[in-house]
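>>> dropping the sequence and predicted coords here.
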Amino acid sequence: MKQFAQLFRALDQTTKTKAKINALVDYFSYAEDPDKVWAIALFSHRRPKRTVTTTLLREWSAEAGGLPLWLFEESYHIVGDLAETIALITPNPTQDSNKSLTDWIAVIMDLKDKEEIVKKEVITNAWLSLDQDERFLFNKLITGGFRIGVSQKTVINALSKFSGVEESKITHRLMGNWDPTTITFEELVLQSNPTEDLSRPYPFYLAYALETDLEKLGLPEEWSAERKWDGIRGQLILRQNEIYLWSRGEELVTAKFPELGTLKGRNDKDVVIDGEILPFKDGKILNFNTLQTRIGRKNVTKKHLTEAPIIIKAYDILEYNGEDIREQSLVERRELLQQVVNEIDSPRLVFSESVVFENWEQLAEERSKSRAHLSEGLMLKKKDSPYKSGRKKGGWWKWKIDPLTIDAVMIYAQRGHGRRANLYTDFTFAVQDGERLVPFTKAYSGLTDVEFKEITQFVKKNTRERFGPVSSVHPELVFEIAFEGIAKSTRHKSGVALRFPRIKRWRRDKPKEEINTLADLNEMLVRYEGGEA
Amino acid sequence: MQLIEFTDRGLYVAAADVYIDPWKPVNKAFITHGHSDHARYGSKSYMATHSALPVIKHRLGSHINARGVEYGEEVIVNGVKFSFHPAGHIIGSAQIRVEYKGEVWVASGDYKVEPDGVSENFESVKCHAYITESTFGLPVFKWKPQETIMDEINAWWKSNQEAGKVSILAAYSLGKAQRIINNVDHSIGQVFTHGAVENVNEVIRRQGKKLKETTRVVQGQKPSLYEGSLVIAPPSAVDSAWSKKFKDFSSGVASGWMAMRGTRRRRSADRGFVLSDHADWEGLLTAIKATEAEKIYVTHGYTDIFSKYLKSIGYYSAVVNTEYTGDDIEIATTEENSAPK
């Protein structure tokens, strides 16, 4: 664990990618193989199965630190990270330990099915033999969420540097299902076995937002356009009579969408398709919220299947007949895709049609109809573009529609946590409804640090009442709130729920008497909900 | 009526018509220390310790009507006895003791219990009611000894030096900066200072306090002059174009907030050193206990949580709304910029 803690400090103490890669290469050169495999697993968000609940961890650590539980919870709220809070409040070690990363993981996994009293003893003893950084890492092994400023790309880069294996190969090897308790470093990183894992996906090609004028892209005839659907990007793998669905977060989500089972066995060539998972019923795409309620759940119920069944809108094809065809041109791939979709012939798999245009004006016109199609805008793809890995510029661009906006007044403020623990950063906004103010959304992001500082000073001077960490403030500051969509909601006082609300800008120029009204929100609801423009 | 009232101008001793650290102009202001959220412009008269006064005058202007007192010296106003006692926060910082008709209150301003070798050491004062800060009033704040932190800073400085880099350390220009200057290992290399820090240094040296040698960073020097040295600057300067002149450098921040990874990452400095001029959780509780006070008023920081905890362990405690900000590095950034030159 000392070596891993050393790596953690080296990674945590720098913001420079080069230094992080060097730290990782160093670690790979001195760590034992099982530790290396676990380090890779942890950086790619794999962790041992949870054997202790966070509720118990909270109780035990509060007890170890001699604190009442409520105080632990308050501290946690401010620190924003459970593993860190525990590491900060538990006492410093009384003994030293030389257990490795892999040893400690074994200790944690071994707790499965043990009695609570045994678990408690093992965990509290562990805390007493680890220093603060080690305690933090140990807790992270249990709680998960290993975000320590190292991207998958950085790890892959470092592994490539260390092993001499090409980055793209390592990327592919690290994707998919592998078990850090059984796989060796040799098998995971060094050996090639492209056929063994049927479920293995390709890295997604992600586009940047279009920043320039369309004219600068070149000739319109060199480009193809599609609607940018507002669902979950997914990769559908149909190999040897099996079906796998990956989400963009590299999560295997097949089990969440059992209705896709009907796609099995309808193709005779193995294919991998890139597309969008969309809720769809009675010939219409449904609001994204319906999908969100479904993915949030552990188990899919019959109700989900009848209320928000899904389809896949197919954008692209990456593999055909077991062959990687990502280097072919977009036009060739899309032709093949159309064929494959026809052959599979299922209402669950739909070809995402191209948007026809002859010049840029027509395309702009199409973009302005996006909300009516319940799409987020357009995707522009060069006709000769290959399917690249990761976020790349040039070949593909996303051209989203401008968000909806509304001017509102801030009525509640809450201290941030984690990165912004000493500033007020979480705000609730209200619109006018006659004499009263109706809260309708919260928003967190969109302001600069300087603005947050200024607002923090305002909040401190203008607090009316406190409710725990929340302060109600004099309604004075006006902000423009941007959002991507609006839907009816029975859970909110205002009767609406916004999609991706954020602060667009601080309207210092606008007095609070001129903010938008609840009637304005309702009008937007009528116009935009469900895409019925 | 209580001895010290909490008004919208500041802490008010009505019997003497004296305000302690008022945030609006008043007739008589008694000041705990020179940080700008405690010593504000515009009052008719000021009183502070002899040791705090030069910096206060430097910041508010030499024309202000101000009088200095010794630590422990009794000042009687209208029958109310005032005295100033070391708070250990920065040079000259004081807790103000107020006694009237047998009742004693202490307003502590900002304080730190660990001696730092620069500020006058904290002394606890017995009282009936204690007004405390709680900038770091959460159990997650546990300071390591100053020596350990200085070792960390020295090691960082050395390794940057070996890599041919300048080490730029962000620290409050009044207090933290001098504490670092006097406690780092000057045998490693030369210590440079940003103008805002050096201006305060000059004031402090002029009043006869010993500060180790520092050199002001001036325009138009070759970058090679700074190679391998330590540069101490206010947080705002480190993030600004000012630091560009050092070419290859590593940046660090010295602040109690660096105890949390979140704030550490937000500063996007290369290194965070957990060093504060305020008491940590244990420090606050020890100081409060030593006063033997029954009533504890909490003015700034994690006031709600800290006060609730005090109640749970048997004190009478209440939160007082003030405009003190404590060691808020975020706010310090704007403050340093607006401080009079």
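Thanks, I have the structure now.
>>> tell me the confidence at the residue of chain B found nearest chain A?
Closest contact between chain B and chain A, by CB to the nearest CB, is at B:G262 (3.5 Å). Backbone N, C-alpha and C define where each C-beta goes, glycine included. Reported pLDDT at B:G262 in the predicted model: 79.
>>> same check on the one 3 residues further on?
We note a pLDDT of 73 for B:R265 in this prediction.
>>> tally of neighbours for A:E32?
13 (other CB atoms under 10 Å in any protein chain shown).
>>> just give me the neighbour total for residue 299.
This is for chain A. Residues lying near A:N299 (other CB under 10 Å) number 7.
>>> ah, no, chain B please
Applying other CB under 10 Å, we find 24 residues neighbouring B:T299.
>>> isn't B:A177 up against B:V197?
Yes. Contact status for B:A177 versus B:V197: in contact at 4.5 Å, counting by CB atoms under 8 Å.
>>> which neighbours do those two share?
Here B:A177 and B:V197 share the contacting residues B:A171, B:I232, B:P234, scored by CB atoms under 8 Å, 6 or more residues apart in numbering or on different chains.
>>> got the contact list for the first one?
When the contact criterion is CB under 8 Å, 6+ apart, the partners of B:A171 are B:A177, B:R179, B:I180, B:V197, B:I232, B:A233, B:P234, B:P235, B:V253, B:A254, B:S255, B:L275.
>>> switch to 7 Å and redo it
Listed by CB atoms under 7 Å, 6 or more residues apart in numbering or on different chains, the contact set of B:A171 reads B:A177, B:I180, B:I232, B:A254.
>>> ok, the last one next?
Contact criterion CB under 7 Å, 6+ apart gives B:A170, B:Y172, B:S173, B:H194, B:A196, B:V197, B:E336 as the residues in contact with B:P234.
>>> in a strand, A:L245, correct?
Yes. Applying DSSP: H, G, I helix; E, B strand; the rest coil, one finds A:L245 inside a strand.
>>> quick check: closest non-adjacent residue to it.
Nearest-residue entry for A:L245: A:T254, 4.7 Å, with adjacent residues in sequence omitted and distances by CB to CB, 6 or more residues apart in numbering or on different chains.
>>> so which of the contacts of B:A171 is the most crowded?
Ranked by the number of neighbours (other CB under 10 Å), the contacts of B:A171 place B:I232 first, at 30 neighbours.
>>> A strand includes B:L169, no?
Yes. Counting by three-state DSSP, B:L169 is located in a strand.
>>> just give me the neighbour total for it.
Residues lying near B:L169 (other CB under 10 Å) number 26.
>>> contact partners for it?
Contacts for B:L169 (CB under 7 Å, 6+ apart) come out as B:I153, B:I180, B:L230, B:I232, B:G252, B:A254.
>>> what bridges to it?
For B:L169, the beta-bridge partners are B:I232, B:G252 (DSSP bridges).
>>> residues touching the nearest residue to A:P347 once chain neighbours are set aside, list them.
Sequence neighbours aside, A:I311 is the residue nearest to A:P347 in space, at 7.0 Å (criterion: CB to CB, 6+ apart). A:I311 makes contact with A:L278, A:F280, A:P347, A:R348, A:V350, according to CB under 7 Å, 6+ apart.
>>> and the residues you listed, which two are the farthest apart?
Among those, the pair separated by the greatest distance (CB to CB) is A:L278 and A:P347, at 12.5 Å.
>>> between these two, which is the more surrounded one?
Legend: neighbour count by other CB under 10 Å for A:L278 and A:P347, higher for A:L278 (23 against 10).
>>> surely that one is within a strand?
Yes. Assessed with three-state DSSP, A:L278 lies in a strand.
>>> for it, what are its contacts?
Counting by CB under 7 Å, 6+ apart, A:L278 touches A:W229, A:G231, A:I285, A:I310, A:I311, A:K313.
>>> looking at those, state which has the most neighbours.
Highest neighbour count within those: A:I310, with 26 neighbours (other CB under 10 Å).
>>> how near is it to chain B?
According to CB to the nearest CB, to the nearest Å, A:I310 stands 37 Å off from chain B.
>>> can you pull the contacts of B:K28?
By CB under 7 Å, 6+ apart, the residues touching B:K28 are B:D17, B:V18, B:Y19, B:S45.
>>> ok, and of the residues you listed, which contact chain A?
Among the contacts of B:K28, proximity to chain A is found for none (CB under 7 Å from any CB of the partner chain).
>>> still on that earlier bit, now, which of the contacts of B:A171 lie within helices?
Counted as lying in helices by DSSP state H, out of the contacts of B:A171, are B:A177, B:I180.
>>> wait, the residue nearest to A:L245 touches A:E242, no?
No. Taking contacts as CB atoms under 7 Å, A:T254 lies outside contact range of A:E242: 9.3 Å.
>>> what helix or strand is A:E73 located in?
For A:E73, the element it lies in under DSSP states H and E is helix A:69-79.
>>> ok, and what's touching that helix?
A:58-59, A:61-62, A:82, A:85, A:88-89, A:417, A:421, A:469, B:138-140, B:260, B:262, B:305, B:309.
>>> so for that helix, mean pLDDT?
For helix A:69-79, the mean confidence score works out to 92.
>>> and the next element down the chain from it?
helix A:82-89.
>>> what's that next one packed up against?
When contacts are defined as 3 or more CB pairs under 7 Å, 6 or more residues apart in numbering or on different chains; DSSP states H and E, helix A:82-89 sits against helix A:54-64, helix A:69-79, helix A:132-143.
>>> for B:K210, find the nearest of the ones you listed.
With CB to CB, the closest approach to B:K210 among these belongs to helix A:132-143: 34.7 Å.
>>> any residue of the closest one touching chain B?
No. Judged by CB under 7 Å from any CB, helix A:132-143 makes no contact with chain B; its nearest approach is 8.2 Å.
>>> quick one: that helix to helix A:54-64, angle?
For helix A:132-143 against helix A:54-64, the angle by axes from the mean of the first three to the mean of the last three CA atoms, to 10 degrees is 150 degrees.
>>> now name the helix or strand holding the residue nearest to A:P347.
strand A:310-320.
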